[in-house]
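Participant: Structure, please.
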Amino acid sequence: MSTPLTNVRSDRVKAVRALSRRSVRDKTGRFLAEGPQAVREAVTHHPAAVVDLYLTRDAATRHTDIVDVASAAGVHVHEVSDEVLAAMCETQAPQGLAAVCRVLTASLTEVLAARPRLLVLLTNVRDPGNAGTVIRGADAAGADAVLVSDASVDVYAPKVVRSTAGSLFHLPVVTGLAIDPTIAELRDAGIRLLAADGAGTVLLPECDLSSPHAWVMGNEAWGLEPETRSRCDEVVRVPIYGRAESLNLAMAATVCLYASASAQNH
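Facilitator: Residues are numbered from 1 along each chain as shown. This is a model prediction of the structure:
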């Protein structure tokens, strides 16, 4: 490692911190992964995407596995003071590590060429925590990819990256998609479209989840746009057995994804 970085006002620190802004991420094509879980998955699964790894002396001692993998992959590893790391990161507790990464590229064409069986399409999802949790749930359920509309939150925003708990580096996440042509491409590829909506007439256990399909998820507050819902093959409702008025987006997505995983793996 190079000489420890201790100047919180240095240009390097300012440049890393600036990645918290979408305009800078869009301009540079880079984003920041914070904490040992995200950094470990980045250097393990996408080492070529990791530009710089920053860590404190204590973190270097505690996470020798991460340092070894990063060094073997040719990643630039920099020791920094606690103050410098705090200045670089948005979170108050980055746990000693952060990595500057190149934005991961994935296209709908590539996803469909792999003949997917389970997809998630986020249409107007604005909450970073929800978006990140859906990506994490999709990863855990064995989904083939997550598709994100151009009207949704930036998946490389710090809170989204943290919420994925490293899953952002495990499966393709295609961003910036226009909904209408995306739905058309999915249909042409033989993917059934299942709208997840509280107004659905089909209960989750009653729909066919064995064939290739995509769960279409809408906005946290108003759900799916009527025109998008009308273009789906079925509108599916997660049954509520208790007194809860509804499930939030991330919870509903996880339930739907695991129902699909169960149907496709048994």
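
Participant: From here on, just use CA atoms for contacts and neighbour counts.
Facilitator: Will do.

Participant: who touches A60 in this structure?
Facilitator: For A60, the contacting residues are V67, taking CA atoms under 8 Å, 6 or more residues apart in numbering as the criterion.

Participant: part of a helix, is it?
Facilitator: Yes - read with DSSP: H, G, I helix; E, B strand; the rest coil, A60 is one of the residues of a helix.

Participant: For S81, see how far away it is.
Facilitator: Per CA to CA, to the nearest Å, A60 is found 12 Å from S81.

Participant: Outline the domain layout of the chain.
Facilitator: Here the chain is described, according to automatic domain parsing, as comprising the domains 11-102, 108-265.

Participant: Turn those domains into a markdown table, columns for mean pLDDT.
Facilitator: Supplementary listing: those in a markdown table, determined by pLDDT from 0 to 100:
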| stretch | mean pLDDT |
| --- | --- |
| domain 11-102 | 94 |
| domain 108-265 | 93 |
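
Participant: Pipe the ones you listed into TSV and attach distance to L5 per row.
Facilitator: Supplementary listing: the domains of the chain in TSV, determined by distance: least, CA to CA, whole Å:
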stretch	distance to L5
domain 11-102	5
domain 108-265	22
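
Participant: Tell me which of those domains sits nearest to T3.
Facilitator: domain 11-102 (7.1 Å; CA to CA).

Participant: From start to finish, how long is that closest one in a straight line?
Facilitator: The distance separating the two terminal residues of domain 11-102, taken as CA to CA, comes to 19 Å.

Participant: How many neighbouring residues does G142 have?
Facilitator: Around G142 there are 18 other residues, counting by other CA atoms under 10 Å.

Participant: what about it, is that helix, strand or coil?
Facilitator: Using three-state DSSP, the three-state assignment for G142 comes out as coil.

Participant: wait, isn't L97 in contact with E34?
Facilitator: Yes - counting by CA atoms under 8 Å, L97 touches E34, with 6.2 Å between them.

Participant: What residues sit buried inside the top helix by length along the chain?
Facilitator: The helix that spans the most residues within the chain, counting by DSSP state H, is helix 249-265. Residues of helix 249-265 classed as buried under the neighbour-count rule (16 or more other CA atoms under 10 Å) are 249-250, 252-261.
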